[in-house]
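> Let me see the structure of the following:
(chains A and B)
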Amino acid sequence: MRLWEGRATARVATAGLTLGLLALAGLALWSSVSAQTTTAHVRELNDASERWSRVLEHIDIADNALRDLQVARTTQTIEPLQNSVGAARGELEWLRAHGQADDVAVATRLLPLYDQTTDILRKVVAGGDPLQADQASLAHSSLRRQISSTIGAKRLDTTEYLRVADEKNSRLRLAQIIAFVLDAFLVGLFGMVLLGARRKILRQAAKNEHEAHHDALTGLANRTLLARRMETAVTKAHRKHEELALLIVDLDRFKEVNDSLGHHSGDLLLRQVANRLSWAVRDTDLVARLGGDEFAVLLPGVGSAANARMVAEKILGALAMPVTLEGLELEIAGSVGVALCPSDSMDGHELLRHADIAMYAAKREKSGVAVYDARLHERGASQLTAVTELRHAIDRGELFLHYQPKALADTGAVCGVEALARWQHPTRGLVRPDEFIPVAEENGLIEPLTRYVIDAALRQCRAWRDAGWEVPVSVNVGAACLLHAEFPGDVADLIKRHGLPARLLTLEITESAIISDPDRAVDVLRGLTELGVRLSIDDFGTGYSSISYLRSMRVHEMKLDRSFVTHMCTDAGDSAIVHALVALARNFGLQAVAEGVEDQDTWTALAEAGCDVVQGYFLSEPLPAEEVVAWLGDRAAAHA
Amino acid sequence: MRAAALVLGLLVLSGCGGAARSDALPHVGFVVKHSGSSFAQEMTSGFHEGVRRIGGVSATVTGPPGQDGHKEVELFADLTLAAKDGIAVATSEPALMAPSIGDALSQHIAVVGVDMRLSASSGVKLHIGNDNYELGEKLADELMRRLPPNATGTVVLGNTAPGLAGFDDRADGIRGRFAEKSPGVLVLGPFDTQRDEEANLDAWRRLVAANPDALAFVGTGDCDGVNLAAMRTEKSARWLVGGFGVDPRTLQAVRDGAMVATVSPEHYLKGAVAGWLLARHARSGAPLPEGWIETPSLTVTTANLGQILHRQESEEARRDYFQPLIDSFVEDPASWVRPLEQAR
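Okay, the predicted model is just below:
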């Protein structure tokens, strides 16, 4: 920041200029008052001088008349003398009464002599004594010399006064010049401050403009700038009949990176992705971040769909290179959707939607790149709709649970139920879990969905308990939940809220959920175990089937996948697997639970194999909560 | 004609009394009016004595031989070239002298007014002189002592330099004292009796003729008393005469009884004070006092005439006479200073 852009400089300039202008105005006022005073005083001096001059003139006239009379005493010489006798007295009286101090003093001194002279002149006019005329002449001389001296002194006083006034005015002028120069400097400084402030505002405006159109994290264009450029580019494409492509790039499994390595690493990854996208395209292309891990690339004048696909492939190639984040090497991948203008749409917003749909198609088909066509539209649109609706369904409580009973294999006694989520869609009717659970997993809704199911299952468990039925419930837990350290705390809050012992809740987890980040999953599972919650490994045998996890994880039961159980009586291989898994469970002290039991033979075979618990349509299909109690009652009556 | 100007300058080297002028010494000057007059000589002697008392300072005294205001100005201007350390001025034309004094002051040459007041516009801050009003009063007192109580009649007053402040003050003092003490006595004048001795005598002749029954005739200048005394003797008149100064003819008139008294302005003392102050200023840079240093006057009558005649006989006698007064001033100059505005 430059000196004249500083707030202190602005304050100094403002205060200085204010004081400077006040000083200048004060000096101007002072100068004006001083000039007025000088003028008034000089006028007084001149006025007095004029009166003294008139007195002198009267005396001269009288003396001339006296001389004329001394030469020849006639009527013509007597009358002028007679007329001039005492003529100056009025002026002398005025000077004595209204003059300045020195005028008063001189007039006071001269008046007696003047009066004596007047008397002498009257005697001269009356008689013919020449000696009186001589005496009058000497008196006139005395008066004249004193008055001349006074007039001379007045003139000197005036000169001196003007000199002093001029000196004072010179000082005032100097002060005014200094104040003017200082003010000019301050005005200059103030101008610099204003210009500095203007530059600062323009810089801030440019910064605001940039921030308003760019993503703060990556520095790429944001959705607003993309929309603006796209509008221009679409218009240009239409005018020049050039093909324009819009690419939507979405990273695969970015959420996992964010969840497992933290947001900081996620941000670093996004920056690297932004750089790679920028490097992969031309300078004339525009790369924008739409939000999260979603990017868009505008390719004006791309020429053809093939060229757009080539650019998309280039982008995927750039993304495929390993990324090193704080010492960890990651491999990332993405999905690219391509939409073309004018072939797909002439509208920017629609083009964006089309590219989005293509991107989802690429993601769904794991094809890397997908170019929009009309057939994708319907599927893509339904996918987008499903995400929104599922979110609303969780928020509005449109999901409900069915409960599939589990029974001990040897006695057939009911030992619990598995809670299974159902979605009663307002228009589509009942939506199956295999339709909306993947949508939830792919769109970050699995955690709120899991909490919703646990809460509802515990509420129902509490209701049954209050009705006299202690029915343990099992709930499937989404893989993402095991990566969140807060999850055990959330479960504890729910158990506490419903006032149930933790042992009545079994959480079913999949091996894949543990494999993605074993260390963090182990911490979360340990937290759940410490709560007293039972843990079950779901679908064991279909995935990694890691025996080391069975040993290290403090789980309570192993759930055999229905794909082995259903056909174990007809397929020797499945039978062998079931027997091996049951043996494995028993050896690790785990309760073996077989699901997919659909007939008596399978049940019997499982019981003979040593399986502890069975679950399946043979026992019961999943039941609405309100039917479970009746079913339990019937079952109890049948076994009684 | 500058060379023709009477230079009373005596180059005084304090302590040795030599006449050799040294440029290395601080130099002061004195411009006096009418250098041929006794009052000018008195002031000149006093000035040298004052300079001598400080020592180490040279001095030049100059002035026109007669009443010549323009010459005074010219000589003053010349003196500013030599006496850079200070100049005393006893002028007969204060207004005429004012611009030149202003020029000297602007050259940072110290200027002191002596005897007659300088105009305020000259910018001079120190005046050394008598209380001229009081001088007039003293002379009026001497005249009144010789008039009968409750006397009535006329006293004719002359002024050799009407318009010159000190002389006007003397005339005012005389008029004021008579008005105060002898209201029955009318003081006529002051009439212009001229500075030139011949003109002065002519003026007095006319005034005496016009006022044959006057009780007394008195003038403000030195020549007034001398001429009046001469006329009184000539006419064997009975009117009283009073005068100013210690011109030998004036003292003779007092001794002869033609003049009842003369009031001496003690010009020697004024010159001595001016010389001492300027020399001290030139020598040590001591600042000159600002204001009016009032020097005393002396009424000379037959009672003290002998002493004054003796004093006036020689330079040494004058020096001895004024020694105590000068010592008194030198001891405490500040006590002699009054506000300049009070000078009269």
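> Wasn't B:H48 part of a helix?
Yes: assessed with DSSP: H, G, I helix; E, B strand; the rest coil, B:H48 lies in a helix.
> Roughly how far does it sit from chain A?
31 Å (CB to the nearest CB, to the nearest Å). All C-beta atoms are positioned from the backbone trio N, CA, C, and that covers glycine.
> what's the burial count for that residue?
B:H48 has 25 neighbouring residues, counting by other CB atoms under 10 Å in any protein chain shown.
> Just to check, it is in contact with B:A59?
Yes: counting by CB atoms under 8 Å, B:A59 is a contact partner of B:H48 at 6.2 Å.
> Quick check: B:L96 touching B:G69?
Yes: taking contacts as CB under 8 Å, B:L96 lies within contact range of B:G69: 4.8 Å.
> what's near enough to touch the closest residue to chain B within the stretch 1-150 of chain A?
For the stretch 1-150 of chain A and chain B, the shortest gap (CB to the nearest CB) falls at A:S149, measuring 2.8 Å. Residues in contact with A:S149 (CB atoms under 8 Å, 6 or more residues apart in numbering or on different chains) are B:95, B:162-164.
> and chain A, which of its residues are near chain B?
Taking CB under 8 Å from any CB of the partner chain as the contact definition, chain A meets chain B at A:109, A:112-113, A:116, A:129, A:131-132, A:134-135, A:138-139, A:141-150, A:152-153, A:156-157, A:159-160.
> Just the buried ones out of these, please.
Among the residues of chain A next to chain B, those classed as buried by 16 or more other CB atoms under 10 Å in any protein chain shown are A:109, A:113, A:116, A:131-132, A:134-135, A:138-139, A:141-150, A:152-153, A:156-157, A:160.
> can you tell me the helix or strand for the closest residue to B:M116 other than its chain neighbours?
Once flanking residues are discounted, B:M116 sits nearest to B:G166: 4.6 Å by CB to CB, 6 or more residues apart in numbering or on different chains. Per DSSP states H and E: B:G166 is located in helix B:165-181.
> same question, A:D356
Going by DSSP H and E, A:D356 is part of helix A:348-365.
> what's stretch A:167-174 in contact with?
Counting by CB under 8 Å, 6+ apart, A:27, A:30-31, A:34-35, A:38 sit against stretch A:167-174.
> Just the buried residues of it, please?
Neighbour counts over stretch A:167-174 (16+ other CB under 10 Å) mark A:169, A:172 as buried.
> Need the per-residue pLDDT for the single nearest residue of the stretch 251-400 of chain A relative to chain B.
Using CB to the nearest CB, the closest approach of the stretch 251-400 of chain A to chain B is made by A:D283 at 81.0 Å. Here, the pLDDT recorded for A:D283 equals 91.
> what does A:A10 give?
78.
> got it, and B:A20?
39.
> helix or strand for the residue of chain B most remote from its centre, which one?
Computed with CA atoms, centre = their mean, the residue of chain B farthest from its C-alpha average is B:N150, at 33.0 Å. Under DSSP H and E, no helix or strand contains B:N150.
> How are the strands of the stretch 251-400 of chain A distributed by residue range?
A:286-291, A:294-299, A:323-325, A:328-330, A:334-341, A:369-371, A:399-408 (DSSP state E, counting those that start in this stretch).
> Repeat that for the stretch 201-344 of chain B.
Using DSSP E, counting those that start in this stretch, the strands of the stretch 201-344 of chain B run over B:216-219, B:240-244, B:261-264, B:291-294, B:298-300, B:337-338.
> Now do the fourth one: which elements does it pack against?
Under the contact criterion of 3 or more CB pairs under 8 Å, 6 or more residues apart in numbering or on different chains; DSSP states H and E, strand B:291-294 touches strand B:126-129, strand B:337-338.
> Deepest-packed of those, please.
Each of those was scored by mean neighbour count; the highest is strand B:126-129, a mean of 24, by mean count of other CB atoms under 10 Å in any protein chain shown.
> helices and strands around the helix or strand just after it, which ones?
Following strand B:126-129 in sequence order, the next helix or strand is helix B:132-145 (DSSP H and E). Where contact means 3+ CB pairs under 8 Å, 6+ apart, helix B:132-145 is packed against helix B:165-181, strand B:216-219, strand B:240-244, strand B:261-264, strand B:298-300.
> got the buried residues for helix B:132-145?
For helix B:132-145, by 16+ other CB under 10 Å, it's B:132-144.
> Could you list the low-pLDDT ranges of the stretch 101-250 of chain A?
Residues of the stretch 101-250 of chain A meeting the criterion pLDDT under 70: A:128.
> helix or strand for B:G158, which one?
Using DSSP H and E, B:G158 falls in strand B:153-159.
> With A:N46 instead?
helix A:7-71.
> The residue of the stretch 501-640 of chain A found nearest chain B: how many residues sit nearby?
Residue of the stretch 501-640 of chain A nearest chain B, by CB to the nearest CB: A:R520 (98.3 Å). Using other CB under 10 Å, A:R520 has 16 neighbouring residues.
> Settle this for me: it is touching A:E486, isn't it.
No: the pair A:R520 / A:E486 is not scored as a contact, 11.8 Å apart, by CB under 8 Å.
> State the number of residues packed around the residue of the stretch 251-400 of chain A closest to chain B.
A:D283: 6 neighbours (other CB under 10 Å).
> Provide a list of residues in contact with A:A605.
Per CB under 8 Å, 6+ apart, neighbours of A:A605: A:568-569, A:575, A:578.
> And A:L251, by the same measure?
Counted by CB under 8 Å, 6+ apart, A:L251 has contacts A:269, A:273, A:293-294, A:319, A:332-334.
> In which helix or strand does A:V234 reside?
With DSSP H and E as criterion, A:V234 is part of helix A:223-240.
> how's chain A carved up into domains?
A:3-197, A:223-372, A:402-421+A:446-639 (automatic domain parsing).
> Could you tell me the end-to-end distance of the last one?
Read that as domain A:402-421+A:446-639. End-to-end distance for domain A:402-421+A:446-639: 24 Å, by CA to CA, to the nearest Å.
> What's the mean pLDDT across it?
Averaging pLDDT along domain A:402-421+A:446-639 gives 89.
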